[in-house]
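> Pasting the sequence and the predicted model now:
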Amino acid sequence: MGLNLDPNKCKKLIEDNIDIEFFRAVLDPVRSELLIFLSANGEMTIGGIADYFPQNRSVISRHLDFMSRFGIVQRRKEGREVYYKTNNNFIVDKFEQTANNMKALMNLQ
């Protein structure tokens, strides 16, 4: 016999235990490509990053700023240049925390 859980309670449990907005930020096609690119290439300026993408510099900048708000990338300013790099430990911790939360949620009875 299947478990009859209230869909609203299930949704609330997931929302309380999984950072859905973080994953939306990471899994956007352009942002995920930026994340992979920065992971492979290390810290770079917006101009340096934009040279490798079909989007223009302002679009890349908006994506990087958005990811910065979620802690996915770190930024630092040096003179007029802004450098971005992935926040590796934060990203890995977020995925591990999510995996642990999902395991706990799936064992609900």
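Ah, there it is. Numbering: from 1, shown residues only.
> Please identify the longest helix in the protein, counting by residues.
Longest helix of the chain, by residue count under DSSP state H: helix 88-106.
> Mind listing what's buried along it?
91, 94, 98, 101 (16 or more other CB atoms under 10 Å). The C-beta positions use only the backbone N, C-alpha and C, and glycine is treated the same way.
> Count the neighbours of the residue nearest to the third one when sequence neighbours are not counted for me.
If I follow you right, that is Thr98. What sits nearest to Thr98 in space, not counting adjacent residues and going by CB to CB, 6 or more residues apart in numbering, is Ile18, at 5.7 Å. Burial of Ile18, expressed as a neighbour count using other CB atoms under 10 Å, amounts to 15.
> what residue ranges in the chain are flagged as low confidence?
1-5, 108-109 (pLDDT under 70).
> Look at the residue nearest the centre of the chain and give its secondary structure.
Closest to where the C-alpha atoms of the chain average out (CA atoms, centre = their mean) is Val26, at 3.1 Å. Here Val26 is recorded as helix under DSSP: H, G, I helix; E, B strand; the rest coil.
> and it, what is it in contact with?
Residues in contact with Val26 (CB atoms under 8 Å, 6 or more residues apart in numbering) are 32, 35, 67, 70, 72, 91.
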